[in-house]
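>>> I need the structure of the sequence given here:
(2 chains)
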Number of protein chains: 2
Amino acid sequence: MKHGSPYGTHRVLEPLGVMPQGAWKIDNTMEICDNEILIDVSALNIDAASFTQIKAEAGGDVLKVGDIVRSIVERRGKHHNPVTGSGGMLIGTVRRIGPALADRIDLKVGDKIATLVSLSLTPLRITEITKIHLHKDQIEIKGQAILFETGLYAKLPTDIPEKMALAILDVAGAPAQTARLVQSGDTVMVIGGGGKSGTLCVYEAKKRAGPNGCVIGVSPFEKDCQRMKALGWVDHALQVDATNALALMEAVAAVTRGKMADVVINCVNIPNTEMGSILATRQRGKIYFFSMATSFTAAALGAEGVGKDVDMMVGNGYAEGHATFALSLLRESAKLRQLFEELYV
Amino acid sequence: MKHGSPYGTHRVLEPLGVMPQGAWKIDNTMEICDNEILIDVSALNIDAASFTQIKAEAGGDVLKVGDIVRSIVERRGKHHNPVTGSGGMLIGTVRRIGPALADRIDLKVGDKIATLVSLSLTPLRITEITKIHLHKDQIEIKGQAILFETGLYAKLPTDIPEKMALAILDVAGAPAQTARLVQSGDTVMVIGGGGKSGTLCVYEAKKRAGPNGCVIGVSPFEKDCQRMKALGWVDHALQVDATNALALMEAVAAVTRGKMADVVINCVNIPNTEMGSILATRQRGKIYFFSMATSFTAAALGAEGVGKDVDMMVGNGYAEGHATFALSLLRESAKLRQLFEELYV
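Numbers count the residues shown, from 1 in each chain, chains lettered A, B, ... in the order given. Below is the predicted model:
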């Protein structure tokens, strides 16, 4: 049995020398190396942008959707949409574990898992498409996939419904990173505090900041602000458009008596919220950008332009143990679990 | 005397509600608010990208360059190139300090300063253009400018030639941030360690990491590697192209016996070095991206894709006291001063 690269580069077919995600085609032979995991796949959760494109290309025809999906995997060895560049995740059962990994991981054959690395780098074979859920971005299949040594996964729990587990695993990094950032007594602002990842950040921030801390949730929508207040984890819910940097700064100055936030967590997926984040943070404060709409240069030049000595961090969706951490929140808080049931399942 | 916004928003003319940098036109009246500083300007150091565009538009004609510069400032109230979007910095003498600032800052009338905020947000009036240095991106003028309360500046020292001071002030944030990041005993890799900011990071990293630490400089150029070795501040000079993520990872693994870097500082202004930075960093290590070519999404998704739990920071060119810090390095090290004299003056 061969030994593979922990990053899966041994499966790159073309162009050679790149990482599996950057490759046009990867080797989807289902014979594993001694540090790979073989998975019997039951469902593909296709990235929303990718599935929208595929449905449009198929003119909404469910059979054509299946043809396109099959064709992508046949051509590329992975479900990596060539138009959108995005992938998705998969759900399946562990079929075989390479002997070099067997004693080093918490998985056994038969465990049901979700992969937390993108389908855009995961070797995949589809034997049969059994059902296409056009409105849920999900395809049920029979097939197999390979997880590399560094590939992230989460064991699906037995006490949490699969869909709820997937909904929270999708944003598992957010509460785990919040737990690292927030100290007791901190003033924490969560921009987009009414969204899925934002709600988890608000919840975790309140726990960490404690009774002497202050959590501020921000959303442009009244409904979000009302929900944040009703859930009770924010001290202030500010209905402000975060792209209006001055308005956000003034609103935060008002509720902090000019002290501004120690930690700002940005969870909104709209552009031009960098300067608002910067102006609302105190000198030597921290800003964590989870938003994929963040512009690196807007953040870097923005802080320098206003003389703000702040630490700005690129949101890393992965933190060790993040899946376990996120799932435990649903067990810890009945209110959070109910919210996920109502909104995200 | 009026009181202005610390960020200068009171001078924004159009569109209203944005920050001075985002504004098309700002008010360049030379009557100061009580928290502004009036400067007699002697020279404009135009951003390289901007000056190249202006020279091209002028067909290399020095008089036309002057006309374009004057026209920009007349139309916008600031030297903010409408094509490139960039500015530059200025050198001048303090003429007047608003009374609300006078006792709070270390400046007095007559001090010679360089502004460290961009010309793209600095109210400016040009009375006369006295000399245009086509090959140095510099224009000598008579004129005045305004510095807002949060505007950054550096007093020009008397013991360091002006051009050398400007060359190091341009990248003053890099060594100051390095000093914060690096702990005694750390393994530090500086990508682009042979460049101007990279050299300062290497120098500071060596000081901080100390005899039990290890500093690795990376450059694709043999000449850079030779210079790094000759200066003696690196333990290893790796001649590797950082856009080749796997090659960089393997080179760093070889010199660290697989332990990888605790801290990676990325100082190269070319794209596609995010993954190399990530793969060369140990789990829970830190990456500081100074490169303005950094892609936020490439960094965020790259780390997640390979399961790397690293802290990635957006390079902030400003850190409190960074100008004093950078200038002190030239006094501290004769070798560094000689290098700046040879290469950057």
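>>> show the pLDDT at residue A:82.
Note on residue A:82: pLDDT of 93.
>>> which residues touch stretch A:197-209?
For stretch A:197-209, the external contacting residues (Cβ atoms under 8 Å, 6 or more residues apart in numbering or on different chains) are A:168, A:171, A:174-175, A:178-179, A:182-188, A:190-193, A:213, A:215, A:217, A:219, A:228, A:231, A:233-234, A:263, A:265, A:267-268, A:290, A:326, A:329, A:333, A:336, A:339. Bear in mind the C-beta positions are built from the backbone N, C-alpha and C, glycine included.
>>> of the residues you listed, which belong to strands?
With strands taken from DSSP state E, the overlap with the contacts of stretch A:197-209 comprises A:187, A:188, A:190, A:191, A:215, A:217, A:219, A:263, A:265.
>>> what about the strands in the stretch 1-150 of chain A?
Per DSSP state E, counting those that start in this stretch, the stretch 1-150 of chain A carries strands over the ranges A:12-14, A:25-26, A:37-46, A:88-97, A:112-115, A:124-133, A:138-147.
>>> which bits of the stretch 51-200 of chain A sit near chain B?
Counting by Cβ under 8 Å from any Cβ of the partner chain, the stretch 51-200 of chain A comes close to chain B at A:116, A:117, A:118, A:121, A:150, A:151, A:152, A:173.
>>> quick one: which two of these are the most distant?
Pairwise distances across these (Cβ to Cβ) peak at 17.5 Å, for the pair A:121 and A:173.
>>> circling back: with the residues of the stretch 51-200 of chain A next to chain B in mind, which one is nearest to residue A:160?
Using Cβ to Cβ, those come closest to residue A:160 at residue A:116, 15.7 Å.
>>> residues contacting that closest one?
A:89, A:152, A:153, A:154, A:169, A:172, A:318, A:323, B:304.
>>> out of the ones in strands among the contacts of stretch A:197-209, who has the most neighbours?
Of all the ones in strands among the contacts of stretch A:197-209, residue A:190 has the most neighbours under the rule other Cβ atoms under 10 Å in any protein chain shown, reaching 36 neighbours.
>>> what's across from it in the sheet?
Counting by DSSP bridges, residue A:190 forms beta bridges with residue A:217, residue A:265.
>>> so it makes contact with residue A:268?
No. Counting by Cβ atoms under 8 Å, residue A:190 does not reach residue A:268; the two are 9.6 Å apart.
>>> how close does the closest residue to residue A:162 other than its chain neighbours get to chain B?
Among residues not flanking residue A:162 along the chain, residue A:156 sits closest, at 6.0 Å (Cβ to Cβ, 6 or more residues apart in numbering or on different chains). Relative to chain B, residue A:156 is positioned 18 Å away (Cβ to the nearest Cβ, to the nearest Å).
>>> how deep is residue A:156 tucked in, by neighbour count?
Neighbours of residue A:156 under the rule other Cβ under 10 Å: 20.
>>> ok, now which ones touch residue A:85?
residue A:120.
>>> apologies, that question was intended for residue A:261.
A:187, A:188, A:189, A:216, A:252, A:280, A:281, A:282, A:285.
>>> list only buried entries from these.
Buried members of these, counted by 16 or more other Cβ atoms under 10 Å in any protein chain shown: A:187, A:188, A:189, A:216, A:252, A:280, A:281, A:282, A:285.
>>> pLDDT added to those, as TSV?
Formatted as TSV, the buried ones among the contacts of residue A:261 follow (pLDDT from 0 to 100):
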residue	pLDDT
A:187	98
A:188	98
A:189	98
A:216	98
A:252	98
A:280	98
A:281	98
A:282	98
A:285	98
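>>> nearest to residue A:242 among these?
The closest of the buried ones among the contacts of residue A:261 to residue A:242 turns out to be residue A:280 (Cβ to Cβ; 8.7 Å).
>>> now that closest one. Its backbone dihedrals?
Backbone torsions for residue A:280, taken as degrees, to the nearest 10, come to phi -90, psi 0.
>>> okay but it is in contact with residue A:258, surely?
No. In this structure residue A:280 lies outside contact range of residue A:258 using Cβ under 8 Å: 11.6 Å.
>>> need the helices for chain A, in chain order.
For chain A, the helices defined by DSSP state H occupy A:48-57, A:62-76, A:99-102, A:162-169, A:173-181, A:196-209, A:222-231, A:245-256, A:274-279, A:296-305, A:322-332, A:334-344.
>>> what's the most buried one of the ones you listed?
The highest average neighbour count among the helices of chain A, using mean count of other Cβ atoms under 10 Å in any protein chain shown, belongs to helix A:274-279 at a mean of 28.
>>> stretch A:299-315: end-to-end distance?
13 Å (Cα to Cα, to the nearest Å).
>>> OK, contacts around residue A:277?
A:191, A:242, A:264, A:266, A:287, A:289, A:299.
>>> any stretches of the stretch 151-300 of chain A with poor pLDDT?
Within the stretch 151-300 of chain A, no stretch falls below the threshold (pLDDT under 70).
>>> and the closest residue to chain B within the stretch 1-150 of chain A, how many neighbours?
Ranked by Cβ to the nearest Cβ, the top residue of the stretch 1-150 of chain A for proximity to chain B is residue A:150, at 4.5 Å. By the measure other Cβ under 10 Å, the count of residues near residue A:150 is 16.
>>> fine by me, we can end here.
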